[in-house]
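> Please find the sequence and the predicted model below.
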Amino acid sequence: RHENWIVYSYWNSELQEQAVIVADMYEQRAGSWLGRALKSALKNVIQAQPIPRHHKILRSSDSGDVVVVRQSFLLDERITSMGVTQTEHSITSRAILLALATERVLQIPKIYLDPRRPVAGMYTEAHRAELLIPFNPLIPTGALAFPGGYATRDRVVSWLGLHGTGIKTQPIHRHESSCHALFVGLDIMYTILSPAGRFDSPADDFNYSMVLFTGLGVLLLSWLAQKYAAKQLLKWSWT
């Protein structure tokens with residue numbers, strides 16, 4: 001899946017504030033690709049022309065105008081480095097990783113950095129259906145500000161991002177929900193991040209023994225039921 005968006009930041013020396021800019025790019029098309037394919041097939045039927053087995057839906061001539069939706073946010077801390085989570089198939093929603101001057105890494109879900117976020121007075125049911133959050137220009141930096149909180153948890157990485165390295169991420173094979181994350185400064189910290197939760201792997205406190213005993217109990221009950229059914233069947237055969 002290709003996601004056409006850009007997130008960058010800069011320090012505004014005049015206003016003495018850290019700005020985070022988000023730009024999403026959308027393509028305007030006349031109708032959906034399925035509608036265009038059905039119209040093309042119907043036209044071939046009307047004109048008694050054969051319908052190609054491999055219909056090319058997307059062509060360069062079908063490209064519409066590119067619309068860029070842009071929004072700026074403010075942060076009350078300096079940013080020393082940036083990164084983004086990535087997974088093997090890019091199905092899981094991403095999170096933006098911001099290395100702060102306080103030597104922590106803030107994990108912000110992309111939904112909070114959506115330039116389409118409406119102001120509070122213009123929030124409609126259409127915005128609610130797309131799970132858009134009312135716009136707030138200030139990005140909070142507390143540990144409980146976002147579901148992911150600090151990616152570094154309660155630890156700090158000295159001189160994080162000040163040597164030009166900062167944040168490195170890598171997908172985990174066969175685990176779509178999580179990715180490797182390496183934070184490099186004077187210290188080095190490794191962790192596993194799950195922006196949308198670990199939906200494809202059990203939690204750390206998962207009770208394996210309960211599952212084992214439940215499975216053994218089901219097998220035992222099945223065996224007893226089979227024995228009882230065979231005994232009853234033999235009894236009915238002699239009556």
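Cool, got the structure.
> contacts and neighbour counts: CA atoms only from here.
Noted.
> Work out for me the element residue 216 sits within.
Here residue 216, judged by DSSP states H and E, is contained in helix 208-237.
> And the pLDDT at the residue minimising distance to the centre of the chain?
For the chain, the residue whose C-alpha lies nearest the mean C-alpha position (CA atoms, centre = their mean) is residue 93; its distance is 0.9 Å. Predicted confidence (pLDDT) at residue 93: the value is 88.
> right, and it touches residue 195 too?
Yes. Here residue 93 reaches residue 195: they are 6.9 Å apart, a contact under CA atoms under 8 Å.
> Touching both of the two, which residues are there?
Taking CA atoms under 8 Å, 6 or more residues apart in numbering as the contact rule, residue 93 and residue 195 both touch residue 109.
> Identify the residue nearest the residue nearest to the centre of the chain in space, chain neighbours excluded?
residue 196 (6.5 Å; CA to CA, 6 or more residues apart in numbering).
> what ranges of this protein fall below the confidence cut-off?
Residues of the chain meeting the criterion pLDDT under 70: 1-2, 28-64, 163-164, 204, 239.
> For it, which segments are assigned as helices?
All helices of the chain, identified by DSSP state H, fall at 33-46, 125-129, 208-237.
> Looking at these, which one is packed in the most?
Across the helices of the chain, the average number of neighbours (mean count of other CA atoms under 10 Å) peaks for helix 33-46, which reaches a mean of 13.
> Stretch 70-88: how far from the chain's middle?
The chain centroid and the centroid of stretch 70-88 are separated by 15 Å under CA atoms, centre = their mean, to the nearest Å.
> Give me the buried positions along it.
70-75, 77-88 (16 or more other CA atoms under 10 Å).
> what do you get for stretch 158-177?
Here stretch 158-177 shows 158-161, 166-171, 175-177 as buried, counting by 16+ other CA under 10 Å.
> And stretch 99-116, by the same measure?
99-101, 103-116.
> Mind checking which of those residues are in strands?
Members of those lying in strands (criterion: DSSP state E): 99, 100, 105, 106, 107, 108, 109.
> does the fifth one really touch residue 149, like I thought?
Yes. With contact defined as CA under 8 Å, residue 107 reaches residue 149; the gap is 5.8 Å.
> which residues sit in contact with residue 134?
By CA under 8 Å, 6+ apart, the neighbours of residue 134 are 117, 118, 119, 120, 123.
> Same check on residue 110?
Residue 110 makes contacts with 93, 94, 95, 96, as judged by CA under 8 Å, 6+ apart.
> Which of these ranks first by neighbour count?
residue 95 (23 neighbours; other CA atoms under 10 Å).
> what about the residue lying closest to that one once chain neighbours are set aside, distance to residue 150?
Spatial nearest neighbour of residue 95, chain neighbours left out: residue 109 (4.1 Å); criterion: CA to CA, 6+ apart. From residue 109 across to residue 150, the span is 12 Å (CA to CA, to the nearest Å).
> Residue 224 too?
53 Å.
> Residue 100 now?
Distance from residue 100 to residue 150, by CA to CA: 10 Å.
> what residues do those two have in common as contacts?
residue 106.
> Now residue 107: closest residue in space, sequence neighbours ignored.
In this structure, residue 107 finds its nearest non-sequential neighbour in residue 97, 4.8 Å apart by CA to CA, 6+ apart.
> bridging residues for the one you found?
residue 83, residue 107 (DSSP bridges).
> Relative to residue 114, how far out is it?
According to CA to CA, residue 97 stands 15 Å off from residue 114.
> Equivalent analysis for residue 25, please.
Residue 25 is 11 Å from residue 114, by CA to CA.
> Over to residue 211?
Between residue 211 and residue 114 the distance is 41 Å, computed by CA to CA.
> what does residue 168 give?
Residue 168 is 23 Å from residue 114, where distance means CA to CA.
> ok, back up a step: any chance of the helices of the chain in TSV, with distance to residue 14 too?
What follows is the helices of the chain, written out as TSV (distance: least, CA to CA, whole Å):
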stretch	distance to residue 14
helix 33-46	47
helix 125-129	35
helix 208-237	58
